[in-house]
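Novice: quick one: sequence plus predicted model below, questions after.
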Amino acid sequence: MAKTETKSIRRKKRNIGGNDEIITLSKVSKAYATGAPALNGIDLHVKKGEFVFIVGDSGSGKSTLIKLLLRELVPTSGEINVMGYDLVRLRRRKIPKFRRNLGIVFQDFRLLKDRDVYENVAFAQRIIQVSGKEIKRNVPSILSTVGLAGKYKARPRELSGGEQQRVAIARALVNRPSILLADEPTGNLDPKNSWEIMKLLEQINESGTTVLVVTHNREIVNAMQKRVVTMKKGVIVSDEEKGGYIDDED
Amino acid sequence: MRISTFFYTIKQGIVNIFRNKWFSLASIATIGACLFLFGLFYAILMNVHSIVKTAQEGVSVTVLFDEGISQERIEEIGVLIDKRPEVSKKNFISAEEAWESFKVDYLGEYADGFTENPLEDSASYEIYLNDVSMQPALVAYLEGVEGIRTVNRSEVTAVTLTGINSLLAYVSIGIIVILFAVSIFLISNTVTIGISVRKEEIGIMKYIGATDFFVRSPFVIEGIIIGLVGAVIPMAIIYVIYNEVLEYIVTKFSMLTKLLNFVPVETIFMNLLPIALIMGAGIGFLGSITTVRKHLKV
């Protein structure tokens, strides 16, 4: 009896904020030791399988938001729940287990320059202690998903920016995360490559992964017709389904 | 931990060593120098200990009895001496034996003039001690025993030998402690450099969900390997040098070998090698674990 109760409590805990919400932020503020608050009482609800653009100028609080979602930072006040994990109360030693549910892609790719494409992707699997046999099966499969099956032996410096970002995406996806966080993924790419990366992210989203993209790229945001959350000075000023890039009027 | 993860960690530890090979070499050299000095001290200490031990065994307390004492009482005193913890062995020298020995040592042919034993009351016990430092306690006891006339001892030798022994031990401990502190500091520096070189990689590992253990292990392995290599090299050098020096002394100063009892290299290394390996690995482990705990707050 007691066991059943505990299970139902756990289920309730996982479903905080709605049935299929995967990310819930309630009245989240974050102030650093110096300066104005980076985030000021924001509410954000993301459903499982959504594709969300987070846009805003420098200093709008986008980076702080990503850091909070990664549990790199804890909010000064408010509640954050990601996949049932209460990030405000999450113990330090539980952070690695939590992060294994996230895939992260950075503007500057952050690949290991001394290792080839295969090792860069396999590295993510080794970290979570996947067996050698499974790594040999998973890595080529994910590399073909991102269109780099033929370049597994190349070093990052031998690849174009777009290709390097594909490797980073493959690395983020190989552990089958529920959420993919992309922080300015096209920031260092030309328009053609930017489009290809966005198409890839869309494809990943269609296969069921929730995708959050922080970006400055106006054309892409406007063209893709996805949900757009616009931030300014630490608050969400607009949140639109099939939205567009809102120009800064200041 | 999976076997593949275990090997991956070992491999990464070795990769770390080669990645900043100059710092690794510097650490190996320092640990090597420390353990070389340690080994040298150990070998010298073992030999001094052996020499002192031999000398101690030669130090005895002689007990002479009251005039006209009965043979029974002498035997009773013998039983009392045997019961004392300080005593390693005792010899009874009868008056006749004492006289015979005196004649051979000092009189030679002139002894023929004596018809009676002038050392009639010189029967004695020669007592050998386990440890020179125990001599005063035994002497105090013996002086209170009924039937004992005189207790002869060599106090100066006893005090000097005990002094040399403890002085050597204190000096070696002091030097060794300083050297190890330096080694730990250097290993810690090497690991810090290793961490800063791999900062980006560690950052990525953290984002992907690597545990503290997974991130830290390669650096600890790096420290232990450096420590072990730093132990093996000086041990090999000491092994060769020790044999050479011993051979040199034996051939050039054959007189010394009769007086001094040198310890064979095998006996020295039976303890020294495992101690050095444990110390090397220990220094490496300590140096790296404290550093990763400080710099790798995962």
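Specialist: Happy to help now that I have it. Numbers count the residues shown, from 1 in each chain, chains lettered A, B, ... in the order given.
Novice: from now on I want contacts and neighbour counts done on CA atoms only, so please keep to that.
Specialist: Noted.
Novice: so residue A:166 sits against residue A:144, correct?
Specialist: No - counting by C-alpha atoms under 8 Å, residue A:166 stays clear of residue A:144, with 10.4 Å between them.
Novice: okay, the two: which has more neighbours?
Specialist: Taking neighbours as other C-alpha atoms under 10 Å in any protein chain shown, residue A:166 and residue A:144 compare with residue A:166 leading, 26 against 14.
Novice: so which residue of the stretch 151-298 of chain B comes closest to chain A?
Specialist: Closest approach between the stretch 151-298 of chain B and chain A, counting by C-alpha to the nearest C-alpha: residue B:209, at 3.9 Å.
Novice: find the nearest non-adjacent residue to that residue, please.
Specialist: Excluding its sequence neighbours, the residue lying closest to residue B:209 (C-alpha to C-alpha, 6 or more residues apart in numbering or on different chains) is residue A:96, at 3.9 Å.
Novice: residues near the one you found, how many?
Specialist: 20.
Novice: tell me how far it lies from residue B:206.
Specialist: 7 Å (C-alpha to C-alpha, to the nearest Å).
Novice: check which element follows the helix or strand of chain B with the lowest mean pLDDT along the chain.
Specialist: Across the helices and strands of chain B, mean confidence by mean pLDDT, DSSP states H and E is lowest for helix B:254-259: a mean of 66. With elements assigned by DSSP states H and E, the helix or strand that comes after helix B:254-259 is helix B:265-295.
Novice: which residues of chain A score low on pLDDT?
Specialist: In the predicted model of chain A, residues A:1-19, A:247-250 satisfy pLDDT under 70.
Novice: now with 50?
Specialist: A:1-18, A:250 (pLDDT under 50).
Novice: now do the helices in it.
Specialist: A:2-14, A:62-69, A:95-99, A:117-127, A:132-145, A:161-173, A:191-206, A:218-224 (DSSP state H).
Novice: for residue 21, give me its contacts.
Specialist: Because you didn't say which chain, this covers chain A. Each residue near residue A:21 by C-alpha atoms under 8 Å, 6 or more residues apart in numbering or on different chains is listed here: A:15, A:45-48, A:83.
Novice: ok, those vs residue A:184, which is closest?
Specialist: residue A:46 (18.9 Å; C-alpha to C-alpha).
Novice: show me what the residue nearest to the spatial centre of chain A bridges to in the sheet.
Specialist: Ranked by distance to the mean C-alpha position of chain A (C-alpha atoms, centre = their mean), the top residue is residue A:181 at 0.8 Å. Assessed by DSSP bridges, residue A:181 has beta-bridge partners residue A:104, residue A:212.
Novice: count of neighbours near residue 179?
Specialist: In the absence of a named chain, this looks at chain A. By other C-alpha under 10 Å, the residues close to residue A:179 number 28.
Novice: the chain in question should be chain B.
Specialist: 19.
Novice: for it, what is the enclosing helix or strand?
Specialist: Assigned by DSSP H and E, residue B:179 belongs to helix B:155-197.
Novice: give the next helix or strand downstream of that helix.
Specialist: Once the chain leaves helix B:155-197, the next helix or strand it forms, by DSSP H and E, is helix B:199-208.
Novice: quick one on the thing from earlier: the residue nearest to residue B:209 and residue B:213 touch, don't they?
Specialist: No - using C-alpha under 8 Å, residue A:96 makes no contact with residue B:213, being 10.7 Å away.
Novice: residue A:162: neighbour count?
Specialist: By the criterion of other C-alpha under 10 Å, residue A:162 has 21 neighbours.
Novice: these two touch, right, it and residue A:185?
Specialist: No - using C-alpha under 8 Å, residue A:162 makes no contact with residue A:185, being 9.6 Å away.
Novice: between these two, what contacts are shared?
Specialist: Applying C-alpha under 8 Å, 6+ apart, one finds that residue A:162 and residue A:185 are jointly contacted by residue A:197.
Novice: could you find the closest non-adjacent residue to residue B:93?
Specialist: In space, residue B:93 is closest to residue B:124, 5.2 Å off (C-alpha to C-alpha, 6+ apart).
Novice: what helix or strand is the residue sitting nearest the centre point of chain B on?
Specialist: Geometric centre of chain B, nearest residue: residue B:46, 4.7 Å, by C-alpha atoms, centre = their mean. For residue B:46, the host element (DSSP H and E) is helix B:21-58.
Novice: so does that helix get close to chain A?
Specialist: No - between helix B:21-58 and chain A, judged by C-alpha under 8 Å from any C-alpha of the partner chain, nothing touches; the nearest distance is 15.9 Å.
Novice: and that helix, what other elements does it pack with?
Specialist: strand B:124-129, helix B:155-197, helix B:212-252, helix B:265-295 (3 or more C-alpha pairs under 8 Å, 6 or more residues apart in numbering or on different chains; DSSP states H and E).
Novice: re earlier: mutual contacts of residue A:96 and residue B:206, please.
Specialist: Common neighbours of residue A:96 and residue B:206 are not found (criterion: C-alpha under 8 Å, 6+ apart).
Novice: which residue is it, in chain A, that comes closest to chain B?
Specialist: Closest point on chain A to chain B, by C-alpha to the nearest C-alpha, is residue A:96, at 3.9 Å.
Novice: can you tell me which residues contact that residue?
Specialist: Counting by C-alpha under 8 Å, 6+ apart, residue A:96 has contacts B:206-211.
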